[in-house]
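Enquirer: return atomic coordinates for the entry below.
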Amino acid sequence: MSYFAKVLNNVVIDVIKAESEFFSTFIDSSPGTWIQTSYNSRGGIHYGQDGQPDNGIALRANYAGKGDTYDADNDVFYSSRPLDCNGIVCSSWKISAPTWLWSAPVPMPTTTLLSNQYYVWDESIKNWVEKNV
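Expert: Numbers count the residues shown, from 1 in each chain. Below you'll find the model as predicted:
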C-alpha cells in the first residue's frame, strides 16, 4: 500500500491509502492532482518500521497531511508555518532544505529544566522563554 495526497493550488486537501494500481481505474473529476507521499518520511529522512532511520529514500521530504503545502519546484511537502503559544504566527521561523521543517532563528536551549518547566517560543522577542507548568 502507498499513500497519496490530493493537491489543489499547492495545498494538500486529502490523503488516502491505496494500491498504486488503484489510479489506473479510479476516475476523479474533482480539481487537483494526486501525488504519492511516504508515511515513513520526516525531515528528509526515511524511517523503518522500528522508528529508526533506515537509509531508505525519503519521498518528498515529509509525509503529507491535510493543509500542508506541496512545493512543486522542489517536489516536497511541508507543514504550515508554526504558531507560538499565544496563537501568533511565528513569522521569524524559516523553512529550508534538506529537512523542509520549520526552525526558529534561535535554537531552543539545551539546558536541563526542572520537571515543571519547559521552553516556548516568544515571537515578540524572537527567543525562547522558560515557562512553568
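Enquirer: all contacts plus neighbour counts: C-alpha atoms, from now on.
Expert: Fine.
Enquirer: pretty sure Lys126 is touching Ser91, no?
Expert: No: counting by CA atoms under 8 Å, Lys126 stays clear of Ser91, with 9.5 Å between them.
Enquirer: for this protein, what spans make up the strands?
Expert: 2-8, 11-18, 33-37, 41-42, 45-46, 69-71, 76-78, 94-96, 101-103, 117-122, 127-132 (DSSP state E).
Enquirer: for those strands, please prepare TSV with the additional fields mean neighbour count and mean pLDDT.
Expert: Listed next are these as TSV, based on neighbours: other CA atoms under 10 Å; pLDDT from 0 to 100:
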stretch	mean neighbour count	mean pLDDT
strand 2-8	20	96
strand 11-18	18	96
strand 33-37	19	96
strand 41-42	22	97
strand 45-46	21	97
strand 69-71	19	98
strand 76-78	25	98
strand 94-96	13	94
strand 101-103	18	94
strand 117-122	15	89
strand 127-132	14	91
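Enquirer: mind putting the ones you listed in CSV, distance to Tyr63 included?
Expert: Output for those, formatted as CSV (distance: least, CA to CA, whole Å):
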stretch, distance to Tyr63
strand 2-8, 9
strand 11-18, 10
strand 33-37, 6
strand 41-42, 5
strand 45-46, 10
strand 69-71, 11
strand 76-78, 7
strand 94-96, 16
strand 101-103, 11
strand 117-122, 25
strand 127-132, 28
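Enquirer: so who does Tyr47 touch?
Expert: Asn40, Ser41, Pro53, Asp54, Asn55, Gly56 (CA atoms under 8 Å, 6 or more residues apart in numbering).
Enquirer: bridged to it, which residues?
Expert: Pro53 (DSSP bridges).
Enquirer: and it, what pLDDT?
Expert: For Tyr47, the pLDDT comes out at 97.
Enquirer: quick one: end-to-end length of stretch 10-28, please.
Expert: 18 Å (CA to CA, to the nearest Å).
Enquirer: same question, stretch 40-55
Expert: Start-to-end, stretch 40-55 (CA to CA) is 11 Å.
Enquirer: ok, and what's touching stretch 115-131?
Expert: By CA under 8 Å, 6+ apart, the list of residues contacting stretch 115-131 from outside reads Asp84, Cys85, Ile88, Cys90, Ser91, Ser92, Pro105, Val106, Met108, Pro109, Asn132, Val133.
Enquirer: right, I'll call it a day here.
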